[in-house]
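Visitor: how would this look folded up:
(chains A and B)
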Amino acid sequence: AQSVTQLGSHVSVSEGALVLLRCNYSSSVPPYLFWYVQYPNQGLQLLLKYTSAATLVKGINGFEAEFKKSETSFHLTKPSAHMSDAAEYFCAVQNSGYSTLTFGKGTMLLVSP
Amino acid sequence: DAGITQSPRHKVTETGTPVTLRCHQTENHRYMYWYRQDPGHGLRLIHYSYGVKDTDKGEVSDGYSVSRSKTEDFLLTLESATSSQTSVYFCAISESIKGYEQYFGPGTRLTVT
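Guide: Below you'll find the predicted structure:
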C-alpha cells in the first residue's frame, strides 16, 4: 500500500530564508506525486505534481520539488520565504489503480519577519 | 478555479440526526471524492465516485454513505451523526486518474453536539 511521511508537523523560517519541506513516500507502482497548499479556512490548492516527465518540477509561487527515486523522496523547496507562504502543505501519492490519493499529515509552515 | 461548490458551508447538528452534505461541480469531471480533515490526521478519504451511480469506499467509510445520481452532484450522508464525525469535509473532483490532480472545494465545517 502507498504511504506518505512528512517530516515535521511544523517548520519555522524567517522571511527570505530557504524553505525545505520533506516528503518521503512508499509506492508499489511508479509514483505520481503531488504537493498541495492550504491557506486558513480554504480548500487545498495544487502547487505542483510529478508525473515522470522530469525529476525537477516547478510549481506556482516559486516552489519546486525534486523527485529522487533512490531516496523515495519528493521534498518541496523555495529559495526565499515570503510572509504569504505561511500555510499548511500536504504531500500526496497516487495509489495503485490511480483512482485515489494518500495524503501525508501535513506540515505547517510558519514565516517570521 | 475549478467550479466546485459545497453546501452547507457550516452546520451544527445534534447527535443522532441525519445530515447530508452536497458537492456540486460545473466541470463535468468523472471522478468525485469526499474527504474529512482532522488535526494530526491530514486528509482521509471517505468515499469516491468514478461515474454516475458508481461509488467505492475509502479509508474511513464507516458511518457514511454517498450517492451520485448526476455527473455534477455527489452527496455525502451521515445516517446518524456522532460527535466523532465533527470535522471539516472536503469534496474534490478529477478529470481522470493516472497522473491527474484533484481539485478541491471550499469545505464544510460540521459540528455534532
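
Visitor: Name the residues that touch stretch B:85-92?
Guide: A:43-44, B:4, B:6, B:21, B:23, B:32-38, B:43, B:46, B:63, B:74, B:76, B:78, B:102-105, B:107-112 (C-beta atoms under 8 Å, 6 or more residues apart in numbering or on different chains). The C-beta positions use only the backbone N, C-alpha and C, and glycine is treated the same way.

Visitor: For PyMOL, what selects the buried ones among these?
Guide: To isolate the buried ones among those in PyMOL, judged by 16 or more other C-beta atoms under 10 Å in any protein chain shown, type:
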select buried, (chain A and resi 43+44) or (chain B and resi 4+6+21+23+32+33+34+35+36+37+43+46+74+76+78+102+103+104+105+107+108+110+112)
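
Visitor: Looking at the contacts of stretch B:85-92, which are in strands?
Guide: Using DSSP state E, A:44, B:4, B:6, B:21, B:23, B:32-38, B:43, B:46, B:74, B:76, B:78, B:103-104, B:108-112 are the members of the contacts of stretch B:85-92 that sit in strands.

Visitor: Grab the most central residue of chain B for me.
Guide: B:Trp34 (2.7 Å; C-alpha atoms, centre = their mean).

Visitor: What's the local residue count around residue 52?
Guide: Assuming you mean chain A. 12 (other C-beta atoms under 10 Å in any protein chain shown).

Visitor: Let me rephrase: I mean chain B.
Guide: 14.

Visitor: what sits against it?
Guide: Applying C-beta under 8 Å, 6+ apart, the residues near B:Val52 are B:68-71.

Visitor: ditto for A:Asn61
Guide: A:37, A:47, A:78, A:85.

Visitor: could these be laid out in TSV, adding distance to chain B and secondary structure?
Guide: Formatted as TSV, the contacts of A:Asn61 follow (distance: C-beta to the nearest C-beta, whole Å; DSSP: H, G, I helix; E, B strand; the rest coil):
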residue	distance to chain B	secondary structure
A:Val37	11	strand
A:Leu47	10	strand
A:Lys78	20	strand
A:Asp85	19	helix
